[in-house]
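Visitor: Kindly generate the corresponding structure for this input.
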Amino acid sequence: MKDKVITVVLFCVMLLNSIDVFVDIGLGVPLAHVIQESMIVIISGLAAIFLIFDMRKRSTELDKLANQLKNADTQIHSLNDKMNKERRHFSEVIKQQFEKWDLTKGEQQVAYLLLKGLSLKEISVVRNTKEATVRQQASSIYSKSNLEGRHEFSAWFKRTFLWNLLFKGGRVWIMVLHSQKS
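Guide: Numbers count the residues shown, from 1 in each chain. Next up, the predicted model:
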């Protein structure tokens, strides 16, 4: 907006000085004064033209940036949708594995919370049970899954998850990881 006002002012200065130059020529004013006012007209006109081109250039750049932002927003939404789809798929894979291991509903709840990184005490609070019960369910989970403990249990799913991503069409996550490096 400020540039537009300056451009209009410069055009007005140019117009008024042009009129003054013609009046001065008609009155026979010395040539040095006419040349001086003619220079003001030329400089005002050039400055106004420069501002117009600069405003157009910035407007074009802003349009490009807005378009790039819109495209980036579309890509983000697309990636979010793909990530949510993969998250749902992985949750389904986890659930199927729990069923293969023949975990009870209670053990499945504890197993999910273990995968989320909660301690046995935190799980007992969340499930409103005794810590000893949660400890027993965790032990049963490890036994049924033939895994040594919570670290191996979590690692098993992370390894399976990464395997599926890297070798079974998980390009979504690889793209996300690659874009985070940039």
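
Visitor: State the helix or strand in which the closest residue to Asp20 other than its chain neighbours lies.
Guide: Leaving out its chain neighbours, the residue that sits closest to Asp20 by C-beta to C-beta, 6 or more residues apart in numbering is Glu37, at 5.7 Å. Where you see a C-beta, it was placed from the backbone N, CA and C, and this is true even at glycine. Using DSSP states H and E, Glu37 maps to helix 31-100.

Visitor: helices or strands up against that helix?
Guide: Secondary-structure packing of helix 31-100 (3 or more C-beta pairs under 8 Å, 6 or more residues apart in numbering; DSSP states H and E): helix 2-27, helix 105-115, helix 150-167, helix 171-181.

Visitor: In contact with Pro33: list those residues for me.
Guide: To be clear, residue 33 is His; Pro isn't right here. Asp24 (C-beta atoms under 8 Å, 6 or more residues apart in numbering).

Visitor: how close does it sit to Val13?
Guide: 17 Å (C-beta to C-beta, to the nearest Å).

Visitor: repeat for Ile52
Guide: 15 Å.

Visitor: Over to Glu37?
Guide: 11 Å.

Visitor: ok, these two, which is more surrounded?
Guide: Glu37 (20 against 17; other C-beta atoms under 10 Å).

Visitor: ok, now how distant is the more buried one from Val21?
Guide: 5 Å.

Visitor: residues in contact with the most centrally placed residue in the chain?
Guide: Centroid check for the chain by C-alpha atoms, centre = their mean gives Ile76 as the closest residue, at 6.2 Å. Residues near Ile76 by C-beta under 8 Å, 6+ apart: none.

Visitor: What does the pLDDT read for it?
Guide: pLDDT for Ile76: 93.

Visitor: Give the buried residues for the helix or strand harbouring Ser140.
Guide: Using DSSP H and E, Ser140 falls within helix 131-145. By 16 or more other C-beta atoms under 10 Å, the buried positions in helix 131-145 come out as Val134, Gln137, Ala138, Ser140, Ile141, Tyr142, Lys144, Ser145.
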